[in-house]
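Peer 1: Fold the following for me, if possible:
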Amino acid sequence: MLDLLGERIPFYEPAAKIATLAEARKLSITVSSLSYATVNYVLSKYESVEKVKEKLRKFKIISNISALDEDIIDKGLNSNFKDFEDALQYFCALEANCDVLITRNGVDFKNANMPIMTAEAYLASLI
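Peer 2: Below is the predicted model of the structure:
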């Protein structure tokens, strides 16, 4: 989400391809509600608040949002993840029955019970 909306080169292109597939309803994107806050925080350092909100509004049209609730927080707090935010992302993905978690930070998900892929690897798996 951050690579796409932040147009972060060289990671933007594969993220944009995934977004295009979601827009065409060839796949489904689910992101945690936490991702909206994180992306807003990061992008607002470089772009106007209104521009960032507009990007988030457009992204919301092509994505589903998984809830971040008390159960997810408890799972994250009691997990063996070193990074709390990674734990929250992971448990949100599990709760939303996602097939794969797409991240460039795969090393922090080594104990995951679901496939963890980069955007590039995910696109390659579709072929």
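Peer 1: Before we go further, residue 65 is sitting in a strand, right?
Peer 2: Yes: using DSSP: H, G, I helix; E, B strand; the rest coil, the assignment for residue 65 is a strand.
Peer 1: for it, which residues make a bridge with it?
Peer 2: residue 31 (DSSP bridges).
Peer 1: Hmm, residue 32 and it touching each other?
Peer 2: Yes: look at residue 65 against residue 32 with Cβ atoms under 8 Å: they come within range, at 7.3 Å. (Each C-beta comes from the backbone N, C-alpha and C, glycine too.)
Peer 1: between these two, which one's more packed in?
Peer 2: Higher neighbour count among residue 65 and residue 32: residue 32, with 23 against 16, using other Cβ atoms under 10 Å.
Peer 1: residue closest to the middle of the protein?
Peer 2: Taking Cα atoms, centre = their mean, the centroid of the chain lies closest to residue 31, which sits 4.7 Å from it.
Peer 1: Quick check, that one in contact with residue 2.
Peer 2: No: look at residue 31 against residue 2 with Cβ under 8 Å: they stay out of range, at 10.2 Å.
Peer 1: Strands along the protein, start to end?
Peer 2: 29-32, 63-66, 101-102, 116-117 (DSSP state E).
Peer 1: Ok, which of the ones you listed comes nearest residue 85?
Peer 2: Of all the strands of the chain, the one in closest proximity to residue 85, counting by Cβ to Cβ, is strand 29-32 (9.5 Å).
Peer 1: Can you name the residues in contact with the lengthiest helix in the chain?
Peer 2: Criterion DSSP state H: the longest helix present in the chain is helix 49-62. With Cβ atoms under 8 Å, 6 or more residues apart in numbering as the test, helix 49-62 has contacts from 1, 4, 5, 19, 22, 23, 29, 36, 39, 40, 43, 44.
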